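Colleague: kindly generate the corresponding structure for this input.
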Amino acid sequence: ATMATAANEDVPRPPHVDDGPSSKRPRREDLDESTRRVALYAPPLEDDVDRSSNIRTSSLAEPTMKLSGHKGSVYCLAYDPHGEVLCSGSFDSTCLLWKAGGKCENLNVLSGHKNAILDVVFTNDSEKIITASADYNLGVYDSNTGDRIKRFMGHTAIVNAVDVCREGSASLAVSASDDCTARLWDARVRGEVGRLEDQYQITAVAYANDGNTVYTGGIDNTIVAWDARRMRKSMGMKGHADTITCLSLNPKGTHLLSNSMDGTLRTWDVRPFVDDGAGKKKRHDKTFVGGTHNSEKGLLNCAWSSDGTMVTGGSADRVVHIWDELSAEELYVLPGHNGCVNSVVFHPKENVVASASSDKSIFVGELA
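Modeller: Now for the predicted structure:
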């Protein structure tokens, strides 16, 4: 009968009520105070003491990781939209693919360019990687196999920057070059599908979310918005005092971030209807100071966090600067590099930043 009762919880168990010595309560009272206190609080072993300060906020194996492998300055970085792979492009004319989490193992090498790689971007479906190179060409690579699928040829000078459309077709790209043109490409067809001609070398480019507007910046210190369907300028935004080195749209597509050799990052309101008339509302929104440029004249990048609350950019002072977008205050100053920081990007899903430098190394680290 007892065995059946023990196995079947629903049956009431009167016999056990009067079992005195074997019931739980007196047994606990046998213990004296000191033993009871130890049972409640077991002091940690020496090596466990730091556990509290060691709470991890990401999938990285360590809070900060250094990735080495490039044989020259690392100029550009890009995470794929899913946040699984980090791609770095370098003066050594290769791109390296790294796992974005864990031990950040090197996954693949993208080769084929004959000169430095100045910019790199993943298509919005994470399937392809598009590279902009100083050999006048752009490469399209399969992000899974690392094979080059296609080359976009047509520029007659160094290709400084490339961007893709966040929404819509994954085959569309736009590139900016020292030949004073920005060219539109479609991976499904041969040759360019459009050309935007400017008077000066174009050093930065960004594709609007809907794919109907292209933003370019160049050595004339002006940001130009182009209507990608009519292939003509729709707006110019002045304010920077030196060459614009990078343009980046925020996730919502409402504001454009620019980095310039005048030592500032600026945001610009690019929504369609900003009243320029009565209220004299300028498109220039905020200015972020603290970063520097130097005589290397590198095309230092700029980037938004995935929620649009923080901005960052490359800086020649060997430090990673991260600002709060709302207040324009500096949130983080992260040292460690021994050369100009050319590119800083935020992980699309985790609280992680990656930075690439002329010291040939890449740091990937958590933001505390």
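
Colleague: any stretches of the stretch 201-350 of the chain with poor pLDDT?
Modeller: 274-281 (pLDDT under 70).

Colleague: do you have the strands of it handy? List them.
Modeller: 202-207, 213-218, 223-227, 232-237, 244-249, 255-260, 264-269, 284-289, 302-304, 310-313, 320-324, 330-334, 341-346 (DSSP state E, counting those that start in this stretch).

Colleague: doesn't residue 286 make contact with residue 239?
Modeller: No. Using C-beta atoms under 8 Å as the test, residue 239 is too far from residue 286 to be in contact (11.1 Å). Placement of C-beta: from N, CA and C, glycine included.

Colleague: burial of residue 271, as a residue count?
Modeller: Residue 271: 10 surrounding residues under other C-beta atoms under 10 Å.

Colleague: just checking, it touches residue 254?
Modeller: Yes. Contact criterion C-beta under 8 Å: residue 271 and residue 254 qualify, at 5.2 Å.

Colleague: could you check how far stretch 210-220 is from the centre of its chain?
Modeller: The chain centroid and the centroid of stretch 210-220 are separated by 20 Å under C-alpha atoms, centre = their mean, to the nearest Å.

Colleague: list the buried ones in that stretch?
Modeller: 211, 213-220 (16 or more other C-beta atoms under 10 Å).

Colleague: setting aside sequence neighbours, what's the nearest residue to residue 248?
Modeller: Using C-beta to C-beta, 6 or more residues apart in numbering and skipping the chain neighbours, the partner closest in space to residue 248 is residue 257 (4.7 Å).

Colleague: how far away is the one you found from residue 102?
Modeller: 30 Å (C-beta to C-beta, to the nearest Å).

Colleague: same thing with residue 237?
Modeller: 42 Å.

Colleague: compare those two and say which is more crowded by neighbours.
Modeller: residue 237 (21 against 11).

Colleague: return the set of residues that bridge with that one.
Modeller: residue 223 (DSSP bridges).

Colleague: dump the residue contacts of it.
Modeller: 222-225, 268, 283-284 (C-beta atoms under 8 Å, 6 or more residues apart in numbering).

Colleague: in JSON lines, list those residues along with neighbour count and distance to residue 67.
Modeller: Formatted as JSON lines, these follow (neighbours: other C-beta atoms under 10 Å; distance: C-beta to C-beta, whole Å):
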{"residue": "222", "neighbour count": "16", "distance to residue 67": "36"}
{"residue": "223", "neighbour count": "27", "distance to residue 67": "32"}
{"residue": "224", "neighbour count": "20", "distance to residue 67": "36"}
{"residue": "225", "neighbour count": "20", "distance to residue 67": "36"}
{"residue": "268", "neighbour count": "23", "distance to residue 67": "33"}
{"residue": "283", "neighbour count": "21", "distance to residue 67": "38"}
{"residue": "284", "neighbour count": "16", "distance to residue 67": "36"}
